[in-house]
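Chemist: Any chance you can model this:
(3 chains)
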Amino acid sequence: MPKLWHRRGRKVPEPVPARSFLLSLGLHLAVLGLMFFQIQFGTHTPKEITPALMVVDLTKVQLADKTNLPPKIKPDKTPTKPVAKPVPKPKEKPKVQPKENKTPRVNATPPKPAKAPKPVPQKPVKDAVSVKQTPTAKPQKKKADSKPKTPPKKVKQTPSENPMDSLLKSVRKIQKPLDPVPSDMSAPEVDEVPVSNGIEGGKEGNLSRLLTISEQDLIANQLRRCWNVNAGVAGVEDMIIEISATVGRDGRVKTVKINNMKNDPAFRTTAESARRAVWVCDKREDSPFKILAEKYASQYDSWKELFLRFNPLEESVF
Amino acid sequence: MWKKIGMLFLILMTGCPALGALRIDVTGAISEPTPVAMPYFNASGWRQQNIADSITDVIAADLERSGLFRIIDRDAYIQKIHSVDTHPHFADWQAVNAHALVHGEINEDPVSGELRVSFRLWDVYAQEQMEAKVLSTTPDSWRRMAHIIADQIYERLTGEKGYFDTKVVFISESGNQANRMKRLAVMDQDGANVQYLTDGKDIVLTPRFSPNMREVTYFSYKDGRPKVYIMDIVTGKSRLVGDFPGMTFAPRFSPDGKKLVMSLATRGNSDIYTVDLDSLKKKRLTDHPAIDTSPSFSPDGQRIVFNSDRGGTQQLYVMDAEGKNVKRISFGSGTYATPVWSPRGDYIAFTKIEENQFHIGLMRPDGSGERLIANGFLVEAPTFAPNGRVVMFFRQVPSDERGRGGASKLYSIDVTGYNERLIKTPEDASDPTWSPLLH
Amino acid sequence: MFKQVLGIVCGAALLSACASNDQGADLYGNANGGWSDDVNISDLSATDTTAKFNEEVTAVVYFPFNSSDLTGEAKSYLSEQAAWLKDNPRALILIEGRCDERGTREYNLALGERRANAARSYLVAKGIAADRIRTISYGKEKPVVLGSTPAAWAKNRNATTVAY
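Modeler: Okay, here's the model as predicted:
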């Protein structure tokens, strides 16, 4: 670094030697080059398979000075699935080709069906983006203040709720039958296996005795808190959504599947919200599935598959 | 043999997924506005970007006004979306707790000038696309486009039909209470595009939309004769409905649009009639010395709810479309009025007056489950959004002895009783009527 | 010359006097002396008859809340009106029925109509020809007394007779 020398009271920078100048220039160019590359990867989001858009022609929508209300035009309601390529599952790393220099501007041409994924390491994307991860923790908290009016949380309290302390106290396995969630289930499940039957799956012992009632309640309560259902949806009180999920040894959810999907739009959206609830809980720090990983690590086979039944109940959404 | 059956049973049972899995029952849920991320739609050029921004704002405002969604602050967004084909980096959107992501872009066809709006709706946690459409229209219809997109998002995320691409006709009021000017007016349900349909010379009241979406029936003192009229709001032309002796009032359309049901007063007595709009022939449905008014058809056209004081006080009654089988359905304390049947068929909304307070309420068509959802010094005239989830009404405040005050405003509220919102109108407003879904 | 002018002036004065003394039937009536069918009541304007009626009898009768029953007082005022109408056979009347603001709009249109008709029926029973009487209901529109007070409300529950 050139130093400032005082010569007879005046500040005069020392002349820079040629070598250090070239070195500095080289370094600057290198940094700029890296930045350029980084920017390319950072802003250029991975070109993954994007499903095609469905075209709805509303050219007939004409509004004159007075409100010219056109005849009913029903948009084509056929699902996009047959046309679109499916979005890759979270496991498959989305790939990007660095050569695809699509400038991040709008194409004049109509949206194209998805391109096939190309092999390229995904790491640079993550690095460029990861810097921003931490500040976003705050907005999540902010949301509590900014609502003008929201329906109050209607959380249904199951009678035998006994939170954390029984969990923290002992690691002892409590052998108890897995009772159905109390009060609102009048008839016992048809496929629930009574203990005396003697038919049990897996080598890990009696599945239905894996968790204490309070542990079941704890997990159910947390899932309930992750489950957001829109108030006032018609028929919600009769819905039962059955979901299968698989969980890794680390307690992270791997797959979530809706088993009993129906054609009814209200059922579909409620089922999707239940599926979402599993993922939302999974992403939380206090994920209920981590309890399984921490407490029942040696019985992984007993809980690697989850069968969840979601029932919104009328009181909870009105 | 029993061993074989036992083995078979065992094999079958172990194949059953329920047996090999840990079962948890989740009962109940929370009900909060769904957090949705919606970056401004993309466009090329500043002019298109203005439209893109405006469209995004209208969609976001619609969704938030419904009370069921919350648009996440854009400052928090991590991923920058550049086109409708940009694939979301779901971890970024999960990081801001977006349950859904909406993004899109605007394109203008350079030749036809047509506006094309594309959008995608993603389930951020399941990492799936939920909806993707391209819509095209003329540029000056951009607001309708935004409302239609908002409806699509609403429908996909709630399972219910939307209500944003709708109009509201109402009475626009101004002036001192001694000499109030009342005009028929129409606007978008979000308060935009207000247009006046009458000139204010004659008092007009109680408009109701036709299922054909372009006509309203209303009551007017035109030519000094208080009668029912129908106006085509596209052409602005009005016509008198029938020429009956005496005052006709309180008109509604039948669900098939072929008839009006209304009150006709003769010699001081008000009874309910239907009028065929082709032949203009009337058919009497009630024949009682009591006041019978405010009739409203059920959405299947089979029954009519109406207001009558035949029992001594103003109450609600239901009869069949022929006028038979009259049954009282209101039994609470106070008096009941202005019944309207929800387009979903599940509720009847009404005005209730109890101890000098007015309320807007809901009950099931058999009269059970009465709930009051709004109140005030004077609230009146509920009308349902076409999806049956939202009710609009007006609220009026007291006036003084000089005729000042008495302001009257429109409000909307969810049938759950939450999310009451003021609807901004240029002047005071009353007697709203909600159109069907326009698409 | 002077006489002619005087004559013209007197004639004009006489004519104008006659015009202002015209009663409803002359302005708005049909051959039978009742209301003509095509009269637009928004176009009616007050005449001397209107003022005369208001001076000589009580034009407004009041009703209890939510009711169209005639009180004793109402009946006596209406009897006066009936007598006056017999003395002024060319007068036509419009009875306006009103309600206070503490009710709903459509029901109040019906109630106002009932009140106007209650007054009308009483007059007809007293011998006034039915076609000399028109009725109109204003419901809770166009209140005659302003303000959101019980006193104002009581004054708006009325049937007002306007003579032409």
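Chemist: which residues touch B:Gln314?
Modeler: B:291, B:307-308, B:335-337, B:353, C:66, C:104, C:107 (C-beta atoms under 8 Å, 6 or more residues apart in numbering or on different chains). C-betas here are computed from N, CA, C, even on glycine.
Chemist: Below-threshold pLDDT in the chain: ranges please.
Modeler: Looking at chain A here, since you left the chain open. Residue ranges of chain A with pLDDT under 70: A:1-17, A:34-209, A:232, A:314-318.
Chemist: wrong chain, I was asking about chain B
Modeler: Using pLDDT under 70, the flagged stretches of chain B are B:3-19.
Chemist: Let's verify whichever residue of chain C sits closest to chain B: helix, strand, or coil?
Modeler: Nearest to chain B, among the residues of chain C, is C:Asn117, at 2.6 Å (C-beta to the nearest C-beta). Following DSSP: H, G, I helix; E, B strand; the rest coil, we place C:Asn117 in the helix state.
Chemist: roughly how far apart are the residue nearest to it when sequence neighbours are not counted and C:Arg157?
Modeler: Spatial nearest neighbour of C:Asn117, excluding adjacent residues (C-beta to C-beta, 6 or more residues apart in numbering or on different chains): B:Gly268 at 2.6 Å. Between B:Gly268 and C:Arg157 the computed distance is 15 Å (C-beta to C-beta, to the nearest Å).
Chemist: cool, and B:Leu135?
Modeler: Separation of B:Leu135 from C:Arg157 (C-beta to C-beta) stands at 55 Å.
Chemist: before we move on, what about B:Glu322?
Modeler: In terms of C-beta to C-beta, B:Glu322 sits 36 Å off from C:Arg157.
Chemist: what about those two, which has more around it?
Modeler: For B:Glu322 versus C:Arg157, the count of surrounding residues by other C-beta atoms under 10 Å in any protein chain shown is larger for C:Arg157: 24 against 12.
Chemist: Wait, that one touches C:Tyr62, no?
Modeler: Yes: with contact defined as C-beta atoms under 8 Å, C:Arg157 reaches C:Tyr62; the gap is 5.9 Å.
Chemist: What ranges in chain C fall below the confidence cut-off?
Modeler: If you take pLDDT under 70 as the line, chain C has these spans: C:5-22.
Chemist: Spell out which parts of it neighbour chain B.
Modeler: Contact residues, chain C versus chain B (C-beta under 8 Å from any C-beta of the partner chain): C:39-44, C:66, C:68, C:101-107, C:109-111, C:113-114, C:116-118, C:120-121, C:135-137, C:139, C:141-143, C:145-149, C:152.
Chemist: Recalculate using a threshold of 7 Å.
Modeler: Counting by C-beta under 7 Å from any C-beta of the partner chain, the positions of chain C adjacent to chain B are C:40-43, C:101, C:104-107, C:109-111, C:113-114, C:117-118, C:136-137, C:141, C:143, C:146-148, C:152.
Chemist: Buried subset of those as a PyMOL selection?
Modeler: Selection of buried members from the residues of chain C next to chain B for PyMOL, criterion 16 or more other C-beta atoms under 10 Å in any protein chain shown:
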select buried, chain C and resi 41+101+104+105+106+107+109+110+111+113+114+117+118+136+137+141+143+146+147+148+152
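Chemist: The residues of chain C next to chain B in strands, which ones?
Modeler: C:136-137 (DSSP state E).
Chemist: Mind checking which of the residues of chain C next to chain B are in helices?
Modeler: C:105-107, C:109-111, C:113-114, C:117-118, C:152 (DSSP state H).
Chemist: Report the contact partners of B:Ile81.
Modeler: Neighbouring residues of B:Ile81 by C-beta atoms under 7 Å, 6 or more residues apart in numbering or on different chains: B:39, B:42, B:103.
Chemist: now do 10 Å
Modeler: Under the criterion of C-beta atoms under 10 Å, 6 or more residues apart in numbering or on different chains, the contact list for B:Ile81 reads A:45, A:104, B:37, B:39-42, B:87-89, B:92, B:101, B:103-105, B:120.
Chemist: Would you mind checking these for buried ones?
Modeler: A:45, B:37, B:39-42, B:87-89, B:92, B:101, B:103-105, B:120.
Chemist: residue ranges of the strands in chain C, please?
Modeler: Under DSSP E, chain C gives strands at C:60-62, C:93-98, C:133-139, C:158-163.
Chemist: and B:Phe244, which of those strands is closest to it?
Modeler: Closest approach to B:Phe244 among the strands of chain C (C-beta to C-beta): strand C:133-139, 15.0 Å.
Chemist: Output the contacting helices and strands for that closest one.
Modeler: Helices and strands touching strand C:133-139, as assessed by 3 or more C-beta pairs under 10 Å, 6 or more residues apart in numbering or on different chains; DSSP states H and E, comprise strand C:93-98, helix C:105-125, strand C:158-163.
Chemist: Parallel or antiparallel, list what pairs with it.
Modeler: Take DSSP bridges as the rule and strand C:133-139 pairs in its sheet with strand C:93-98 (parallel).
Chemist: tilt between the strand it pairs with and helix C:105-125?
Modeler: For strand C:93-98 and helix C:105-125, the angle between their directions (axes from the mean of the first three to the mean of the last three C-alpha atoms, to 10 degrees) works out to 150 degrees.
Chemist: between strand C:93-98 and strand C:158-163, how many degrees?
Modeler: Strand C:93-98 runs at 160 degrees relative to strand C:158-163, counting by the same axes, to 10 degrees.
Chemist: how far is strand C:93-98 from where the chain is centred?
Modeler: 6 Å (C-alpha atoms, centre = their mean, to the nearest Å).
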